[in-house]
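Undergrad: for reference, the sequence and a predicted model appear below.
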There are 2 protein chains.
Amino acid sequence: MTPRAAVQTYLKELQERISSTFASLDGGVFQHDDWQHHSGGGGQSRVLQNGAVLEKCGVNFSAVDGIMPEKMANRMQAKSGTTFFATGVSVVLHPRNPFVPIVHCNFRYFELLEDGYCTDSWFGGGADLTPCYPFLEDTKHFHQTFKNALEPFGTQYYPQFKQQCDQYFYLPHRQETRGIGGIFFDHLRQNHDHYFALLQATGNAFLDAYIPILEKRKDMVYTEHNRYWQEVRRGRYAEFNLAFDRGTQFGLETNGRIESILMSLPPVTRWLYNYQPEANSAEAAALEFFQARDWLKD
Amino acid sequence: MTPRAAVQTYLKELQERISSTFASLDGGVFQHDDWQHHSGGGGQSRVLQNGAVLEKCGVNFSAVDGIMPEKMANRMQAKSGTTFFATGVSVVLHPRNPFVPIVHCNFRYFELLEDGYCTDSWFGGGADLTPCYPFLEDTKHFHQTFKNALEPFGTQYYPQFKQQCDQYFYLPHRQETRGIGGIFFDHLRQNHDHYFALLQATGNAFLDAYIPILEKRKDMVYTEHNRYWQEVRRGRYAEFNLAFDRGTQFGLETNGRIESILMSLPPVTRWLYNYQPEANSAEAAALEFFQARDWLKD
């Protein structure tokens, strides 16, 4: 099996594992949509909408190749005519219950090829949590799970990936973090086997990091007021994905399948002018909580 | 009065005229927020939310100056250290009733200055309509009103501005127009008096173009289903404003007052995966309608 094929096989398995776990938790069924990319390759989107637990959830796999669009080639300083191969799994879950955090993960592998020969390749990925009502114990659990998964590869990775996540999921115009972070890595190159193992370790840790939180929060009683706040916070999520996210930009620039790219957008979103939570409310406390810091320090 | 002061005076009057007309139609009250810009100048945002007719409406004035941010200077090929002055009125109205179209207009004036001397100046502006359920007679009325307003200045303007509007309010990733267009102009320079008069003529035409449509549609009976479709269409509006709109980009790049910039975002928005209206439904007909064409041809 070529390196590329091995990665692809792993990512497909991961898609299956995540979507089947989510489906059995929800009781609903994911809709499977196969699609072809105009330049080569394609993917399968799996989406469950309007479920009992999952209000909207996408678990998408893609493996696309073709000649690099000019804009991307310029940014990557690649020769004109360079071809690319990109495969990844992307998960976004917008839960119905406002006490269950939104979760996102993405695990991906890139190759650049000149005259059919791979001249560069790298791994990227990560997972992050966006609660509306944050809980410190959930935050610690999420971060600890990925820290444990990364530790066998070197103690430098978790602090570095944690910091990169805080930097990436930042809304500069709001001076807000998107949520409580997680891990984010990109351009892991040269040591293919090491980084492929690392990718698998973090991919495998995803359900361990998230499912206990989902289980613990999904039946919490909530009010219309909690729901309202959830819709407001989802607005921030949409702002980030549409105005800043590189994954979304990549999808739009390569003319990807638009419904798969934008499955990340929240089901119902509310934008209010100058909305401020009441002083000393749970919502005001949530805003205080969303500061990037070392969650695993006591 | 300097040219700059005359434009500013006109735009402030226009803000007052539009917001007071909207307020009396709605029965509600606009909240007025004065703000200062970090680099110089400031503005007044007027917003009415949750009204009987206006679900969310902003009528904003600003007059900002300062040293050009580097990104903008590069784009405009301006010398480093160039200062700018920008004044404008921006209106976005998200009506409650799904049969009333969303309306947007913007009228603006720019100056570039080197060592305190104005080296370049230009006008820009336009108005456009985004119905959820389009009506041909409303579309014709909106376009005809601006055509009439522009005719005294030259017959070339309406067809040109109409085409520019179709080009500007286009969602490339959806291959959809945002609505039924209107007029859009920018970089009208060199003949200050002529273009200032043109700006005023189109600014003055705005209420004539929109109010009769609002009056005619605001009490139409609508269902939950109509409302649902409205929320879906508002998603397109948010996609455009966050991912493509140059005004939003300008605001974010110059670190403008974020609540004034993003007042354009819809109050409640729905993103569904792969949503397609039923065949032969009013919603399917709406999608058919949104093709850029010559609305004033019989």
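TA: Cool, got the structure. Keep in mind that what you see is a predicted model, and the values were worked out from it rather than measured. Numbers count the residues shown, from 1 in each chain, chains lettered A, B, ... in the order given.
Undergrad: for the residue of the stretch 51-200 of chain A found nearest chain B, give me its contacts.
TA: Of all residues in the stretch 51-200 of chain A, A:His173 sits closest to chain B, with a separation of 5.1 Å (Cβ to the nearest Cβ). Just so you know, the C-beta spots here come from the backbone N, C-alpha and C atoms, and that holds for glycine as well. With contacts defined as Cβ atoms under 8 Å, 6 or more residues apart in numbering or on different chains, the neighbours of A:His173 are A:239, A:243, B:252, B:255, B:258, B:261.
Undergrad: confidence score at it?
TA: We have a pLDDT of 91 for A:His173.
Undergrad: any idea how far B:Asn280 is from it?
TA: From A:His173 across to B:Asn280, the span is 43 Å (Cβ to Cβ, to the nearest Å).
Undergrad: also A:Gln49?
TA: From A:Gln49 across to B:Asn280, the span is 24 Å (Cβ to Cβ).
Undergrad: so these two - more neighbours on which side?
TA: For A:Gln49 versus B:Asn280, the count of surrounding residues by other Cβ atoms under 10 Å in any protein chain shown is larger for A:Gln49: 19 against 8.
Undergrad: partner residues bridging the nearest residue to the more buried one once chain neighbours are set aside?
TA: Distances taken as Cβ to Cβ, 6 or more residues apart in numbering or on different chains put A:Lys56 closest to A:Gln49, at 5.2 Å, once the chain neighbours are dropped. With DSSP bridges applied, A:Lys56 shows beta-bridge pairing to A:Gln49, A:His94.
Undergrad: got the contact list for A:Leu48?
TA: When contacts are counted by Cβ under 8 Å, 6+ apart, A:Leu48 touches A:22-23, A:26, A:28-31, A:54, A:56-57.
Undergrad: actually A:Leu188, not the one I wrote
TA: For A:Leu188, the contacting residues are A:122-124, A:195, A:198-199, taking Cβ under 8 Å, 6+ apart as the criterion.
Undergrad: confirm that it sits in a strand.
TA: Yes: note on A:Leu188: a strand contains this position according to DSSP: H, G, I helix; E, B strand; the rest coil.
Undergrad: let me see the confidence value for it.
TA: 98.
Undergrad: same check on the one 4 residues further on?
TA: Here the pLDDT value assigned to A:His192 is 96.
Undergrad: give the phi and psi angles for the closest residue to it other than its chain neighbours, as a check.
TA: Spatial nearest neighbour of A:His192, chain neighbours left out: A:Pro3 (5.9 Å); criterion: Cβ to Cβ, 6+ apart. Dihedral pair for A:Pro3: phi -50, psi -40, per degrees, to the nearest 10.
Undergrad: and stretch A:131-141, what's its mean pLDDT?
TA: Rounded mean pLDDT across stretch A:131-141 is 97.
Undergrad: same deal with stretch A:25-33?
TA: Across stretch A:25-33, the average pLDDT comes to 97.
Undergrad: now the helices for the stretch 151-298 of chain A?
TA: A:157-168, A:192-217, A:224-243, A:246-253, A:258-261, A:282-289 (DSSP state H, counting those that start in this stretch).
Undergrad: and these, which one's lowest on average pLDDT?
TA: helix A:246-253 (a mean of 85).
Undergrad: buried ones in it, by neighbour count?
TA: A:247-253 (16 or more other Cβ atoms under 10 Å in any protein chain shown).
Undergrad: tell me which other helices or strands that helix touches.
TA: helix A:70-75, helix A:258-261 (3 or more Cβ pairs under 8 Å, 6 or more residues apart in numbering or on different chains; DSSP states H and E).
Undergrad: and the last one, what does it pack against?
TA: What that stands for is helix A:258-261. For helix A:258-261, the packing partners by 3+ Cβ pairs under 8 Å, 6+ apart are strand A:31-36, strand A:41-49, strand A:54-67, helix A:246-253.
Undergrad: could you pull out the buried residues of the shortest one?
TA: Of the residues in strand A:31-36, those buried under the neighbour-count criterion (16+ other Cβ under 10 Å) are A:Asp33.
Undergrad: ok and it relative to strand A:54-67, angle-wise?
TA: Angle of strand A:31-36 versus strand A:54-67, following axes from the mean of the first three to the mean of the last three Cα atoms, to 10 degrees, is 10 degrees.
Undergrad: which parts of chain A sit against chain B?
TA: Taking Cβ under 8 Å from any Cβ of the partner chain as the test, the list of chain A residues beside chain B reads A:31, A:33, A:47, A:49, A:56, A:58, A:172-174, A:231, A:235, A:238-239, A:242-243, A:248, A:252, A:255, A:258-259, A:261-263, A:265-274.
Undergrad: mark which of those are buried, thanks.
TA: Restricting the residues of chain A next to chain B to buried positions leaves A:33, A:47, A:49, A:56, A:58, A:173, A:231, A:235, A:238-239, A:242-243, A:248, A:252, A:258-259, A:261-263, A:265-273, with burial counted as 16+ other Cβ under 10 Å.
Undergrad: now do the same contact list for the closest residue in space to A:Val29 that isn't next to it in sequence.
TA: Closest residue to A:Val29 apart from its sequence neighbours, by Cβ to Cβ, 6+ apart: A:Ala23 at 6.3 Å. The contact partners of A:Ala23, taken as Cβ under 8 Å, 6+ apart, are A:29-30, A:48.
Undergrad: what do you get for A:Tyr10?
TA: Counting by Cβ under 8 Å, 6+ apart, A:Tyr10 touches A:196, A:199-200, A:203.
Undergrad: just the closest of those to A:Asn226, please.
TA: When those are compared for distance to A:Asn226 (Cβ to Cβ), A:Gly203 wins out at 31.8 Å.
Undergrad: about what we covered before: next, format the contacts of A:Ala23 as a markdown table and append distance to B:Glu288.
TA: Written out in a markdown table, the entries for these read as follows (distance: Cβ to Cβ, whole Å):
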| residue | distance to B:Glu288 |
| --- | --- |
| A:Val29 | 32 |
| A:Phe30 | 31 |
| A:Leu48 | 30 |
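Undergrad: nearest to chain B, of the residues you listed?
TA: With Cβ to the nearest Cβ as the yardstick, the closest approach to chain B among these comes from A:Leu48, at 9.1 Å.
Undergrad: just so I know, which of the helices of the stretch 151-298 of chain A lies nearest A:Glu70?
TA: Among those, helix A:246-253 comes nearest to A:Glu70, with 9.5 Å by Cβ to Cβ.
Undergrad: contacts for that closest one next, please.
TA: A:69, A:71-72, A:90, A:106, A:241-242, A:256, A:258, A:260-262, A:264, B:172-173, B:243.
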